[in-house]
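Q: Generate a structure from the sequence data that follows.
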Amino acid sequence: GKEDFYQSVTYPAVGASRSHSNGLHFKNNYYRHGHACRQSIARTVVMRDGKPASRKTWNTTNRTSTFDERAAFQPSYAVNRKNGKRAGYANGIQRFKKIKTCIRIGYGTVFRYHELKLKQAGVETIGVIDSHEEKRSAASSAGFKTFDSYENAAAEKPDLWDICVRTSHHIDVLKKIIAADPPANIIIETPVCHFHQVDELGKLLQNFSGKIVVNENYVLSNVTRKIRELSRQLDLRPTRIISEMSKNRKKDIARGRFIDEELFAFGYEGSHIVTNVLELGKEYLPVKIIEGSCSGMFVDTRSGKKYFPKQGAMERNYISRSGASVILSTSMNGRVKYRYPCPFDIKRIPLEDAGTRYRILAVEDKEKSIIVAGFYEPVKGLNRNEGAVVILRGGRIADMIMPISDDTMGNLLRRAVEYFNGEA
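A: Alright, predicted model coming up:
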């Protein structure tokens, strides 16, 4: 029946949609910054000789699945739900191609992370595009082939395009990729665009025939998963949930790094802060927004001390569907607001400390006097890609689960490749 047709990632009227692998979706051109409304069920049918061979059903809300083991699941085709057809797909049937090669746009810090993680996932970078001559030169010196146009890069027939440039360039780069390679597979960093560009993005993706994964790492965090599991095991009825991500960004601003003038302090970690809460369950979606707070900060720049409004710290509060109070908090001035008595506690991040981050998600049950607090990497005393979860009873440590392997970027990029391969 129609309900069995693939409806999550090959819907023709949608630019791109949420699959089990990515952090955002576009549904009928509807998008909200940081997170989007979820399609709760995505179904996949594997076709062999024109007949269904097996079916896998994903519940994208709680990440569970049912699987028909009587037929081996070897995803090679997907059928579009809408009229069984899609532009560019013969008879509505899409053959998945194994992702092996990649063109990466932007040769900077994010490039190095993606290069490592995608290489581990079996993807080879066959070329680099960067608008800066010195970066193209550096890429060439490192052994990468460089391209001066998207058309020349598309001639190499890459299986994947990986966008690793600033958010302000995302829309422009997407336009060029889609023009050069209409059915492209694309990975793009979060946020996918600035808030004022949402309508432009929707129009751009209206007739897009490829696939996009927005790289929201925290969707697949093992720390969040452990918090969720422990909260259920302890039968908590959360009265308050706190999601905080703080660091000291004064040096970045002094060096001329990007300053978000739309979402201000929330523009840097906001999507991660929201994602972590929503990954606990749909019962923590907001029903009533409560007024929050914000503050600016002074930064010593080359031209002297300068004040940056709303860039120091920001907090937004709301009441969730469950009735729990949710606090979304971030600080760019190094001051940590929500602290818990444990070895990973940080009071303040000094100006000269560019590597320390304070990233936590805490579920509090006031009636039981229990708190389950998760600490995301980098965590003091642990290796990179390792996190920890602490259980507090009456304000004292009752248990610590550590280290928790939590390579969120690696997990997401591997899942993205699986998605493009038709395996997720």
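
Q: Below-threshold pLDDT in the stretch 201-350 of the chain: ranges please.
A: Low-confidence segments of the stretch 201-350 of the chain (pLDDT under 70): none present.

Q: any chance you could map the strands in it?
A: Taking DSSP state E, counting those that start in this stretch to define them, one finds strands in the stretch 201-350 of the chain at 211-215, 240-246, 286-301, 304-320, 325-331.

Q: same check, this time on the stretch 51-200 of the chain
A: Remark: strands of the stretch 51-200 of the chain, listed N- to C-terminal, are 51-59, 64-67, 77-79, 93-95, 101-105, 124-129, 146-147, 160-163, 185-189; assignment by DSSP E, counting those that start in this stretch.

Q: Tell me which of the strands of the stretch 201-350 of the chain sits nearest to Glu279.
A: Comparing the strands of the stretch 201-350 of the chain by their distance to Glu279 (C-beta to C-beta), the top pick is strand 240-246, with 10.2 Å. Placement of C-beta: from N, CA and C, glycine included.

Q: for the closest one, packing partners?
A: Contacts defined by 3 or more C-beta pairs under 8 Å, 6 or more residues apart in numbering; DSSP states H and E place strand 240-246 against helix 266-278, strand 325-331, strand 358-365.

Q: what's the angle from it to strand 325-331?
A: Taking axes from the mean of the first three to the mean of the last three C-alpha atoms, to 10 degrees, one finds that strand 240-246 is oriented at 10 degrees with respect to strand 325-331.

Q: buried residues in strand 240-246?
A: Judged by neighbour count (16 or more other C-beta atoms under 10 Å), strand 240-246 contains these buried residues: 241-246.

Q: Go through those residues and name the one nearest Ile103.
A: Closest to Ile103 out of these is Met245 (31.1 Å), distances taken as C-beta to C-beta.

Q: what sits against that closest one?
A: Residues touching Met245, when contacts are defined by C-beta atoms under 8 Å, 6 or more residues apart in numbering, comprise 269, 272-273, 329-330, 357-360.

Q: For it, which non-adjacent residue is spatially closest?
A: Excluding the flanking residues, the one nearest Met245 by C-beta to C-beta, 6 or more residues apart in numbering is Glu269, at 3.9 Å.

Q: list the contacts for the one you found?
A: Shown here is Glu269, whose contacts under the criterion C-beta under 8 Å, 6+ apart are 245, 247, 330, 359.

Q: what about the helices in the stretch 301-424 of the chain?
A: Per DSSP state H, counting those that start in this stretch, the stretch 301-424 of the chain carries helices over the ranges 408-420.

Q: From Tyr376, how far off is Arg232?
A: Between Arg232 and Tyr376 the computed distance is 20 Å (C-beta to C-beta, to the nearest Å).

Q: Who has more neighbours out of the two?
A: Comparing Arg232 with Tyr376 by other C-beta atoms under 10 Å, the one with more neighbours is Tyr376, at 25 against 10.

Q: wait, Asp365 sits on Pro238?
A: Yes. Asp365 sits in contact with Pro238 when judged by C-beta atoms under 8 Å, with a separation of 5.9 Å.

Q: and which of the contacts of Met245 is nearest Glu124?
A: When the contacts of Met245 are ranked by distance to Glu124 (C-beta to C-beta), His272 comes first, at 28.9 Å.

Q: Contacts only, for that closest one.
A: Listed by C-beta under 8 Å, 6+ apart, the contact partners of His272 are 190, 216-218, 245, 359.

Q: Among the residues you listed, which one lies nearest to Gly334?
A: Looking at the contacts of His272 and their distance to Gly334, the nearest is Met245, at 12.7 Å (C-beta to C-beta).

Q: Quick check: closest non-adjacent residue to Arg136.
A: Counting by C-beta to C-beta, 6+ apart, the nearest residue to Arg136 once its immediate chain neighbours are dropped is Thr146, at 4.6 Å.

Q: and if you look at Ile163?
A: Leaving aside its sequence neighbours, Ile163 sits nearest to Ile188 (C-beta to C-beta, 6+ apart; 4.3 Å).
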